[in-house]
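Participant: Quick one: sequence plus predicted model below, questions after.
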Amino acid sequence: MTIIVDSDGLIGSINPTDIHYHRATRTLNNLFQKNSKLVYPATVIVESVTLLQGRLKNPGLAAVIIHLVDMNELDIEPVDVELLQKANIFMDFKRSKHNTLFDAIVVAVALKYKADAIFSFDDFYKKKGFKLASDL
(Lines give C-alpha, C1' and ligand atoms only; values in the text may rest on other atoms or scores of the structure.)
Protein backbone atom coordinates (compact mmCIF):
# COMPACT_ATOMS: atom_id res chain seq x y z
CA MET A 1 0.00 0.00 0.00
CA THR A 2 1.35 3.43 -0.93
CA ILE A 3 0.53 6.45 1.20
CA ILE A 4 1.47 10.05 0.43
CA VAL A 5 2.23 12.07 3.56
CA ASP A 6 1.03 15.65 3.97
CA SER A 7 2.46 18.12 6.48
CA ASP A 8 -0.43 17.81 8.95
CA GLY A 9 0.09 14.04 9.05
CA LEU A 10 3.83 14.43 9.52
CA ILE A 11 3.57 17.14 12.17
CA GLY A 12 0.66 15.41 13.88
CA SER A 13 2.66 12.21 14.21
CA ILE A 14 5.69 13.80 15.90
CA ASN A 15 4.20 16.66 17.93
CA PRO A 16 2.50 15.48 21.16
CA THR A 17 0.77 18.88 21.54
CA ASP A 18 -0.79 18.74 18.05
CA ILE A 19 -4.57 18.37 17.87
CA HIS A 20 -4.16 15.35 15.57
CA TYR A 21 -1.40 13.62 17.57
CA HIS A 22 -3.39 10.65 18.92
CA ARG A 23 -5.22 10.06 15.66
CA ALA A 24 -1.98 10.45 13.69
CA THR A 25 -0.04 7.98 15.83
CA ARG A 26 -2.89 5.42 15.62
CA THR A 27 -2.99 5.89 11.85
CA LEU A 28 0.78 5.55 11.56
CA ASN A 29 0.78 2.35 13.63
CA ASN A 30 -1.96 0.96 11.39
CA LEU A 31 0.04 1.87 8.28
CA PHE A 32 3.20 0.23 9.65
CA GLN A 33 1.26 -2.96 10.47
CA LYS A 34 0.13 -3.04 6.83
CA ASN A 35 3.73 -2.53 5.62
CA SER A 36 2.69 0.64 3.83
CA LYS A 37 5.15 2.66 1.81
CA LEU A 38 5.11 6.28 3.00
CA VAL A 39 6.15 8.85 0.40
CA TYR A 40 6.97 12.42 1.42
CA PRO A 41 6.89 15.08 -1.29
CA ALA A 42 9.96 17.30 -0.81
CA THR A 43 7.64 20.26 -0.36
CA VAL A 44 6.00 18.55 2.65
CA ILE A 45 9.39 18.46 4.34
CA VAL A 46 9.96 22.16 3.62
CA GLU A 47 6.44 23.14 4.71
CA SER A 48 6.59 21.07 7.92
CA VAL A 49 10.00 22.34 8.99
CA THR A 50 8.97 25.92 8.25
CA LEU A 51 5.73 25.59 10.25
CA LEU A 52 7.45 23.94 13.20
CA GLN A 53 10.33 26.40 13.26
CA GLY A 54 8.21 29.53 12.74
CA ARG A 55 4.52 29.55 13.56
CA LEU A 56 4.62 26.62 16.01
CA LYS A 57 7.87 27.82 17.61
CA ASN A 58 9.26 24.31 17.94
CA PRO A 59 12.71 24.25 16.34
CA GLY A 60 13.49 21.00 18.15
CA LEU A 61 10.84 19.10 16.19
CA ALA A 62 11.93 20.85 13.01
CA ALA A 63 15.42 19.49 13.70
CA VAL A 64 13.95 15.99 14.16
CA ILE A 65 12.58 16.10 10.62
CA ILE A 66 15.89 17.34 9.25
CA HIS A 67 17.65 14.53 11.13
CA LEU A 68 15.30 11.97 9.53
CA VAL A 69 16.17 13.45 6.13
CA ASP A 70 19.90 13.34 6.91
CA MET A 71 19.62 9.70 7.97
CA ASN A 72 17.69 8.77 4.79
CA GLU A 73 14.77 7.58 6.93
CA LEU A 74 12.12 9.14 4.69
CA ASP A 75 11.20 8.21 1.13
CA ILE A 76 11.25 11.70 -0.39
CA GLU A 77 9.73 12.45 -3.78
CA PRO A 78 11.53 15.31 -5.56
CA VAL A 79 9.39 18.09 -6.96
CA ASP A 80 10.39 19.10 -10.48
CA VAL A 81 8.85 21.28 -13.17
CA GLU A 82 6.70 18.46 -14.53
CA LEU A 83 5.21 17.74 -11.10
CA LEU A 84 4.59 21.45 -10.51
CA GLN A 85 2.78 21.69 -13.84
CA LYS A 86 0.56 18.75 -12.88
CA ALA A 87 -0.11 20.32 -9.48
CA ASN A 88 -1.21 23.57 -11.09
CA ILE A 89 -4.29 21.77 -12.42
CA PHE A 90 -5.58 21.46 -8.84
CA MET A 91 -5.15 25.11 -7.91
CA ASP A 92 -8.21 27.31 -7.54
CA PHE A 93 -7.10 30.77 -6.50
CA LYS A 94 -10.67 32.08 -6.28
CA ARG A 95 -12.19 29.39 -4.07
CA SER A 96 -9.81 28.74 -1.21
CA LYS A 97 -7.09 30.52 0.67
CA HIS A 98 -6.39 27.35 2.64
CA ASN A 99 -5.72 24.84 -0.12
CA THR A 100 -2.30 25.79 -1.34
CA LEU A 101 0.23 24.77 -3.93
CA PHE A 102 1.67 22.49 -1.23
CA ASP A 103 -1.66 20.61 -1.18
CA ALA A 104 -1.83 20.50 -4.98
CA ILE A 105 1.65 18.97 -5.08
CA VAL A 106 0.54 16.25 -2.65
CA VAL A 107 -2.34 15.48 -5.05
CA ALA A 108 0.02 15.36 -8.03
CA VAL A 109 2.37 12.98 -6.18
CA ALA A 110 -0.59 10.82 -5.13
CA LEU A 111 -1.67 10.55 -8.77
CA LYS A 112 1.86 9.75 -9.88
CA TYR A 113 2.10 6.88 -7.39
CA LYS A 114 -1.55 5.82 -7.74
CA ALA A 115 -1.60 6.14 -3.96
CA ASP A 116 -4.03 4.20 -1.84
CA ALA A 117 -4.48 7.15 0.52
CA ILE A 118 -3.08 10.42 1.79
CA PHE A 119 -1.88 10.74 5.38
CA SER A 120 -3.64 13.98 6.19
CA PHE A 121 -6.66 15.23 8.09
CA ASP A 122 -7.67 17.70 5.37
CA ASP A 123 -10.98 17.03 3.60
CA PHE A 124 -9.56 18.78 0.52
CA TYR A 125 -8.10 15.42 -0.48
CA LYS A 126 -11.44 13.63 -0.12
CA LYS A 127 -12.97 16.26 -2.39
CA LYS A 128 -10.29 15.37 -4.94
CA GLY A 129 -11.29 11.70 -4.78
CA PHE A 130 -8.67 10.33 -2.39
CA LYS A 131 -9.03 8.33 0.81
CA LEU A 132 -7.45 9.60 3.97
CA ALA A 133 -5.06 7.17 5.66
CA SER A 134 -7.03 7.50 8.91
CA ASP A 135 -10.05 5.99 7.13
CA LEU A 136 -8.24 2.79 6.08
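Facilitator: Done, it's in.
Participant: which regions of the protein lie under the pLDDT threshold?
Facilitator: Within the chain, the segments meeting pLDDT under 70 span 93-98.
Participant: so where do the helices sit in it?
Facilitator: Assigned by DSSP state H, the helices in the chain fall at 7-14, 21-33, 42-53, 59-70, 81-88, 101-113, 123-127.
Participant: Off-centre distance for the last one?
Facilitator: The one in question is helix 123-127. Relative to its parent chain, helix 123-127 has a centroid offset of 13 Å by C-alpha atoms, centre = their mean, to the nearest Å.
Participant: Dump the helices of the chain to TSV, plus distance to Met1 and mean neighbour count.
Facilitator: Bear in mind the C-beta positions are built from the backbone N, C-alpha and C, glycine included. Shown next, in TSV, are the helices of the chain (distance: least, C-beta to C-beta, whole Å; neighbours: other C-beta atoms under 10 Å):
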stretch	distance to Met1	mean neighbour count
helix 7-14	15	24
helix 21-33	8	16
helix 42-53	18	20
helix 59-70	21	15
helix 81-88	22	14
helix 101-113	11	22
helix 123-127	16	15
